[in-house]
Structures are given as C-alpha cells and as structure tokens.
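Visitor: I would like to see how this sequence folds:
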Amino acid sequence: MDRQIMKNLAIGIAMTVICAGCASLGGSSNVRELATGDHSGVDTQEVHDLHNVKDFQTWWNKAYASFSTVPALPQVDFTKDMVVAAFLGEKAHSGFTMRVVKVDETPDAYNVEINVKIPGDTCHATQMKTQPFEFVAVPDNKGKFINWNVKQSYKDCSSSRI
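Guide: Residues are numbered from 1 along each chain as shown. Coordinates of the predicted model:
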C-alpha cells in the first residue's frame with residue numbers, strides 16, 4: 001500500500017480512538033452534542049436557540065439540505081433542554097472547526113461559549129468549500145437573554161506528525 005494512504009489510515013484510526021468520547025468533551029457536562037459536520041445547507045454564520053421540535057426539525061433539514069438522505073432527528077426533551085444550532089458559514093477550504101463548549105447561567109442572562117478553530121499556515125487543508133456546523137442540547141435558558149460568546153483561535157498543525 002502507498003505510504004501516504006497508510007499514513008492517512010493511521011491518522012484516521014488514531015482520531016477515531018482519541019475522539020471516541022468527544023461528544024462529552026468540551027469543558028461542560030451540560031452540553032450534549034447531537035451532530036456536527038463540515039458540509040451543510042447553511043452558508044452564512046448563524047446561531048439559533050431552538051425550543052421545540054418544529055424549529056429543531058426546520059434547522060436540521062436546512063443543515064442536511066445538501067445530503068441525499070436527512071438523518072433521523074435526535075431525541076431531545078424540550079421540557080428540560082433546548083437545542084443550540086451553530087453554523088460557521090461557508091469557508092473556502094477545510095480545517096475549520098467549531099464547538100459549543102460551555103453554557104453558564106447567571107441571574108440575568110444565559111452565556112453560550114462557542115470555540116472556533118481556524119487552520120493556521122502550517123495546516124494542510126483540502127481546497128473544497130465547507131460549511132461547518134454543530135447541534136447541541138443544553139439546559140433550557142428559561143427565557144433569559146442569551147450572550148453568544150464566540151472565541152476564535154488558530155490551530156498550529158506543525159507538531160502533528162506520525
């Protein structure tokens with residue numbers, strides 16, 4: 001087998017093992033990842049708090065509009081939780097990631113922290129347009145004002161070697 005194919009296969013296996021528990025990672029146990037991906041039908045940067053199945057289904061369908069089959073809608077108990085739908089918008093190449101990592105409630109507001117990683121100059125990215133997105137279930141904000149805190153940082157891929 002070609003060395004590059006073997007290297008890519010090894011990276012894929014390593015990432016699968018490392019990320020086996022990624023849905024529960026991110027800094028807060030009150031964030032439950034429902035879905036994430038690099039290609040969606042939403043090409044603008046948007047965030048939405050969804051409080052019912054109808055709105056969730058609408059944004060789920062928009063996210064998967066470019067797919068031949070829309071995955072089944074994950075179960076969410078809207079009596080306790082809401083869904084955050086976050087879309088990074090269309091990017092010129094791959095390597096961008098976003099994660100809703102934390103929600104904090106204060107007496108006056110509800111703070112949602114989203115981390116966006118931008119590929120640095122040392123990262124190898126495919127020259128294919130992407131539209132990163134994520135859906136998470138979080139405790140309901142009970143009608144409080146939401147502060148969307150988006151934190152951006154650059155990935156340093158220079159130390160990623162096999």
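
Visitor: where exactly do the helices run in the protein?
Guide: 3-18, 53-63 (DSSP state H).

Visitor: quick check: mean pLDDT of the first one?
Guide: In this model, helix 3-18 has an average pLDDT of 35.

Visitor: residue ranges with poor pLDDT in the protein?
Guide: The model of the chain has pLDDT under 70 over residues 1-29, 92-95, 120-128, 157, 159-162.

Visitor: is the spatially most central residue of it bridged to anything, and to what?
Guide: Closest residue to the average C-alpha location of the chain: Glu134 at 3.0 Å, with Cα atoms, centre = their mean. Under DSSP bridges, the beta-bridge partners of Glu134 are Thr36, Ala86.

Visitor: neighbours of Phe145, how many?
Guide: 10 (other Cβ atoms under 10 Å). To be clear about C-beta, it is placed using only N, CA and C from the backbone, and glycine gets the same treatment.

Visitor: and the spatially closest residue to it that is not a sequence neighbour, what is it in contact with?
Guide: With Cβ to Cβ, 6 or more residues apart in numbering as the criterion, Phe145 has its nearest non-adjacent residue at 4.8 Å, and that residue is Ala109. Ala109 makes contact with Lys144, Phe145, Ile146, Asn147, according to Cβ atoms under 8 Å, 6 or more residues apart in numbering.
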